[in-house]
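>>> The amino acid sequence is not available; the structure is as follows:
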């Protein structure tokens, strides 16, 4: 098994499968969120423009669920690696904030955070952990929007550039719980492949991008990470 201590510049690329161990449903896997809900009703700008209160009712429930969960052993191991090996980065597709709650730093959130809101009229972004959100409208009258990337939204260019640099500088990429079907984020590991970094995929099942990785660990994220760190 690949050992984390053998590398100096580690990048963890994390997805919904990591937070599933904390009880947060994945999006497309078995029991995934988008099997139960239609994103066109709850998770795109068009839905928000039609009925912001309906969208906020949905996201308040998601915030309540996420706020009630705790980081799992996988999140804690990654934070521990960061603490012991400065220069370790996390690039995550998750919006739940569990990496930070586990003590992680240097977290690049490709799809934003459920714990921030923004007013596109005033171009203001602020932290907010209220459940439910106490005031859904900015002082200008515009509805606050969750500062997350919805379906049909582009990724933030500066965030993508930061992720590209972190991955390009790494000598080990560990992909944890990503489905490999959410683009353009799913393409980012190719940077590590092209740069010659060692690439490890941790996922219970084969994914659409498994062929990119030299090493595949099939099992629970926390167990596989613990083996790489202490085994």
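Okay, I see it. Since we're looking at a predicted model, the values are computed, not measured.
>>> Show me the contact partners of the longest helix anywhere in the chain.
In the chain, ranked by residue count with DSSP state H as the criterion, the top helix is helix 52-67. With C-beta atoms under 8 Å, 6 or more residues apart in numbering as the test, helix 52-67 has contacts from 24, 37, 41-43, 47-48, 96-98, 114-115, 129, 131-133, 136, 143, 146. In short, each C-beta sits where N, CA and C put it, glycine included.
>>> Restricted to helices, list the residues you listed.
41-42, 47-48, 98.
>>> Only the buried members of those: can you turn that into a PyMOL selection?
To isolate the buried ones among the ones in helices among the contacts of helix 52-67 in PyMOL, judged by 16 or more other C-beta atoms under 10 Å, type:
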select buried, resi 42+47+48+98
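>>> Save the ones in helices among the contacts of helix 52-67 as a markdown table, and put in distance to residue 15 and pLDDT too.
Shown next, in a markdown table, are these (distance: C-beta to C-beta, whole Å; pLDDT from 0 to 100):
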| residue | distance to residue 15 | pLDDT |
| --- | --- | --- |
| 41 | 23 | 92 |
| 42 | 20 | 92 |
| 47 | 23 | 97 |
| 48 | 24 | 97 |
| 98 | 12 | 98 |
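>>> Redo the ones in helices among the contacts of helix 52-67 as TSV? Include distance to residue 77.
Shown next, in TSV, are those (distance: C-beta to C-beta, whole Å):
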residue	distance to residue 77
41	37
42	33
47	37
48	36
98	13
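>>> just the angle between the strand of greatest length in the chain and helix 52-67, please?
Of all the elements of type strand in the chain, the one with the most residues (DSSP state E) is strand 112-119. Following axes from the mean of the first three to the mean of the last three C-alpha atoms, to 10 degrees, one obtains 140 degrees for the angle between strand 112-119 and helix 52-67.
>>> ok so, going back, next structured bit after the longest helix of the chain?
helix 73-84 (DSSP states H and E).
>>> if we look at that next one, which residues are touching it?
4, 10, 12, 14, 18-19, 21-22, 71, 88, 90, 98-99, 101-106, 176, 220-222, 225-226, 229.
>>> can you confirm residue 166 is in a helix?
Yes. Under DSSP: H, G, I helix; E, B strand; the rest coil, residue 166 sits within a helix.
>>> For the residue lying closest to it once chain neighbours are set aside, list the residues it contacts.
Nearest in space to residue 166, with sequence neighbours left out and distances taken as C-beta to C-beta, 6 or more residues apart in numbering, is residue 89 at 4.1 Å. The neighbourhood of residue 89, defined by C-beta under 8 Å, 6+ apart, consists of 10-12, 106, 108, 166-167, 170.
>>> What of residue 42?
54-55, 58-59.
>>> One more: residue 203?
Counted by C-beta under 8 Å, 6+ apart, residue 203 has contacts 17, 175-178, 210, 216-218.
>>> One more: residue 230?
Counting by C-beta under 8 Å, 6+ apart, residue 230 has no contacts.
>>> Could you tell me how far it is located from residue 116?
Residue 230 sits 34 Å away from residue 116, going by C-beta to C-beta, to the nearest Å.
>>> sorry, back to before: direction included, what does the longest strand of the chain pair against?
Strand pairing for strand 112-119, determined by DSSP bridges: strand 124-127 (antiparallel), strand 145-148 (antiparallel).
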